[in-house]
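Colleague: please find the sequence and the predicted model below.
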Amino acid sequence: MRESQLEVVKDRVGHVRRHHLNTLLGPGITSFSISGVGDRLSAVDLLLARSLVTGGVVEGVTQAVREVGRVRRHHLHCLVLHQISSFSMSCVGETFIALELLNQKCSRLKQLNLSYLRNVGPPVLMKLIPTLTNVTHLNLSMTQTVDQIMGLIGEYCPLLRDLDISNTIVMDEGLMRLCYNCATNSAQCTNLTRISVAGCSVTARAIAILLQYLPKLTHIDYEQMFDVFGVLEEWGATPANANSCDKYQLRVLTSSSEQVDAYTVDLAVTLCPQVMEFTMSNAWVDNSVLYPAMRLEHLAHLRLTNCDGLTLNFQEGVLPLLTVKGSQLISLLLANFTSVDLAAIGECCPRLQNLALSAISLYDDIMYPRENCFNSLVNVEVWTSVTTDSCNSIILRQLLGYCPGLENLLVKGADALSDKLFLDLWRINEMRRLSRLTLDTCHNVTSNTIHQLLDTQNNLTLVRIWSCFFISKDDYQQLLKRVDTENCDLYVEWYSWNG
């Protein structure tokens with residue numbers, strides 16, 4: 001009842017004031033959200049003073065405390081309760097006290113975020129882990145996690161599904177301790193579906209062992225995944241016998257290795273039929289290396305960054321793949337290609353929502369924009385150079401003219417983008433859902449375009465203006481003044497052109 005009264009006040013009055021809080025924060029409240037509360041400190045003090053902080057209220061109160069400052073010792077004793085199921089250490093001042101309270105009280109924790117807790121040594125973490133028997137999501141990124149802690153996680157966290165140990169000093173031995181118990185000669189932590197080891201000193205062999213012992217893994221944040229299948233090949237797996245092997249549940253294949261073997265790509269695609277994301281960056285490979293991806297029935301996200309030697313060709317490598325799989329693609333990133341045929345992408349990828357084009361030397365000519373292409377785009381990023389004349393107004397019209405659902409637009413280095421072009425685009429596409437706009441080194445755009453955006457109906461919340469020659473600091477000040485005067489919910493960021 002009191003929760004519904006709070007929501008009514010928020011809807012009708014706007015911010016919940018102090019006199020509202022005195023009346024509404026009383027016995028019987030089971031949940032609390034800080035949104036729409038004007039005097040947040042008073043809300044926290046009332047909840048704590050009246051002992052109203054129960055399991056359903058903790059998250060709202062903790063959020064309130066974080067937004068007005070750091071979580072202090074007296075907050076922790078009231079907020080760290082045995083009922084809570086999730087806790088984050090961000091903005092917590094007394095980290096050691098918080099960890100001790102978690103160790104004593106919170107056996108029901110399911111989600112725990114300890115990321116960036118650099119001042120806590122391995123012994124403290126080793127004391128905490130055995131109490132996390134119900135945890136399903138654990139974030140230890142940028143902490144002093146060591147191999148011994150990984151063994152404890154495997155032993156005491158059987159329900160764990162999501163583990164982030166990125167940028168820690170965990171090595172191969174730690175991953176093996178996580179998934180295999182030598183004492184019992186059995187696999188452990190077998191419910192794990194997602195693990196991030198980015199920035200760790202682990203080899204492809206350790207990742208291969210994870211795949212063998214943790215059959216439910218769907219996401220491994222590791223930058224040399226095709227090397228992992230090279231290890232499996234050493235262990236006897238081949239495309240010929242792969243059909244008789246148990247398939248892996250991986251949804252993502254990512255590689256930033258310079259050397260990728262076509263044989264291992266073929267093996268990876270055969271052993272991982274559920275893959276939805278295929279990413280290859282900076283690899284010195286032939287176009288034929290991409291062809292096995294045509295067999296991925298669930299492919300939805302394709303990201304290709306050419307190497308410095310430009311060994312991949314759009315017409316011979318990318319376009320055949322798009323011809324077969326483009327109809328199911330949602331995201332496409334192409335970077336560092338000599339040429340790209342935008343019209344062909346539009347025809348092959350009718351469902352495309354996210355498109356990023358970077359360092360394209362030449363866009364194939366388009367006689368006129370086609371109204372039936374790129375209609376579903378939501379996020380568009382075009383990273384080009386002021387010396388690239390081929391990213392002309394027709395290319396930009398094709399990309400931006402027929403996508404009414406556009407929410408995020410980033411354009412860098414496009415001299416063809418101008419006030420006039422924006423006006424022409426808005427005549428055919430009002431961009432009413434536009435929320436985030438970034439203009440970087442677009443020297444023919446002036447502040448008139450931004451003012452025009454403020455005059456139109458849209459969802460604009462963020463405007464970044466970086467190094468645009470004709471948008472000066474005075475223009476920026478005028479924009480800030482207007483945003484303040486009209487009480488716009490908009491953040492404007494500006495950096496001067498320093499060319």
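Modeller: In hand now; what should we look at? Numbering: from 1, shown residues only.
Colleague: ramachandran coordinates for L152?
Modeller: In terms of degrees, to the nearest 10, the main-chain angles of L152 are phi -70, psi -40.
Colleague: sorry, wrong one. I was asking about I360.
Modeller: phi -90, psi 120.
Colleague: give me the element E493 is part of.
Modeller: Under the criterion of DSSP states H and E, E493 resides in strand 491-495.
Colleague: then L399?
Modeller: helix 393-400.
Colleague: just checking, L117 touches M89?
Modeller: Yes. Counting by C-beta atoms under 8 Å, M89 is a contact partner of L117 at 5.6 Å. Quick note: C-beta positions are derived from backbone N, CA and C, even for glycine.
Colleague: of those two, which one has the most company?
Modeller: L117 (22 against 19; other C-beta atoms under 10 Å).
Colleague: re the thing from before, list the neighbouring strands of the following helix or strand past the helix holding L399 plus their orientation.
Modeller: Using DSSP H and E, the helix or strand that follows helix 393-400 in sequence is strand 408-412. If you go by DSSP bridges, strand 408-412 pairs up with strand 379-383 (parallel), strand 436-440 (parallel).
Colleague: report the angle between the last one and strand 491-495.
Modeller: Spelled out, that is strand 436-440. 10 degrees (axes from the mean of the first three to the mean of the last three C-alpha atoms, to 10 degrees).
Colleague: please, where are all the strands along the stretch 301-450 of the chain?
Modeller: 301-306, 331-335, 339-340, 354-358, 362-363, 379-383, 408-412, 436-440 (DSSP state E, counting those that start in this stretch).
Colleague: just the ones you listed: most buried one?
Modeller: Mean neighbours per residue, mean count of other C-beta atoms under 10 Å, is largest over the strands of the stretch 301-450 of the chain for strand 301-306, with a mean of 20.
Colleague: that one - which strands sit beside it in the sheet, and in what orientation?
Modeller: Going by DSSP bridges, the partners of strand 301-306 are strand 277-283 (parallel), strand 331-335 (parallel).
Colleague: contacts for the longest one next, please.
Modeller: Going back to what we said before, that points to strand 277-283. The contact list for strand 277-283 (C-beta atoms under 8 Å, 6 or more residues apart in numbering) reads 251-260, 289-290, 293, 296, 299-308, 311.
Colleague: please repeat the previous calculation with a cut-off of 7 Å.
Modeller: 251-258, 260, 293, 296, 299, 301-305, 307 (C-beta atoms under 7 Å, 6 or more residues apart in numbering).
Colleague: ok, now the last one?
Modeller: Here strand 331-335 makes contact (C-beta under 7 Å, 6+ apart) with 300-306, 318, 340, 349, 352-359.
Colleague: quick revisit: can you add distance to R194 and mean pLDDT and give the strands paired with strand 408-412 back as CSV?
Modeller: Output for the strands paired with strand 408-412, formatted as CSV (distance: least, C-beta to C-beta, whole Å; pLDDT from 0 to 100):
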stretch, distance to R194, mean pLDDT
strand 379-383, 23, 97
strand 436-440, 27, 97
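Colleague: tell me which of the ones you listed approaches I169 most closely.
Modeller: strand 379-383 (34.5 Å; C-beta to C-beta).
Colleague: quick one, the closest one and strand 354-358 angle?
Modeller: Using the same axes, to 10 degrees, strand 379-383 lies at 0 degrees relative to strand 354-358.
Colleague: can you give me the domain assignment for the protein?
Modeller: Annotated domains of the chain cover 223-364, 398-499 [automatic domain parsing].
Colleague: just say which of these is most tucked in.
Modeller: Using mean count of other C-beta under 10 Å, domain 223-364 ranks as the most buried of these, with a mean of 18.
Colleague: distance from the chain centre to it, please.
Modeller: 20 Å (C-alpha atoms, centre = their mean, to the nearest Å).
Colleague: distance between the ends of it?
Modeller: Distance between the boundary residues of domain 223-364 (C-alpha to C-alpha, to the nearest Å) amounts to 32 Å.
Colleague: ok, now stretch 401-417?
Modeller: End residues of stretch 401-417 are separated by 13 Å (C-alpha to C-alpha).
Colleague: where does Q144 fall, phi/psi-wise?
Modeller: Dihedral angles for Q144 - degrees, to the nearest 10 - are phi -90, psi 40.
Colleague: quick one on the thing from earlier: which strands and helices lie in contact with the helix holding L399?
Modeller: Packing contacts for helix 393-400, counted by 3 or more C-beta pairs under 7 Å, 6 or more residues apart in numbering; DSSP states H and E, involve helix 342-348, strand 379-383, helix 419-428.
Colleague: any idea which of those gets closest to E223?
Modeller: strand 379-383 (21.3 Å).
Colleague: give the contact list for the residue nearest to L377 when sequence neighbours are not counted.
Modeller: What sits nearest to L377 in space, not counting adjacent residues and going by C-beta to C-beta, 6 or more residues apart in numbering, is C403, at 3.8 Å. For C403, the contact set (C-beta under 7 Å, 6+ apart) comprises 374-377, 429.
Colleague: which among the residues you listed end up buried?
Modeller: 374, 376-377, 429 (16 or more other C-beta atoms under 10 Å).
Colleague: farthest-apart pair in these, please.
Modeller: Farthest pair in the buried ones among the contacts of C403, by C-beta to C-beta: S376 and N429, 12.9 Å.
Colleague: that older thread, now render the strands paired with strand 408-412 as TSV, adding distance to M176.
Modeller: Formatted as TSV, the strands paired with strand 408-412 follow (distance: least, C-beta to C-beta, whole Å):
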stretch	distance to M176
strand 379-383	39
strand 436-440	43
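Colleague: indicate which one of those strands is closest to T449.
Modeller: Closest approach to T449 among those is made by strand 436-440 (8.2 Å; C-beta to C-beta).
Colleague: list of residues touching the closest one?
Modeller: So strand 436-440 is contacted by 407-412, 445, 460-468 (C-beta under 7 Å, 6+ apart).
Colleague: show me the two of these that sit farthest apart.
Modeller: Every pair of the contacts of strand 436-440 checked by C-beta to C-beta; the farthest is E407 and S467, at 23.5 Å.
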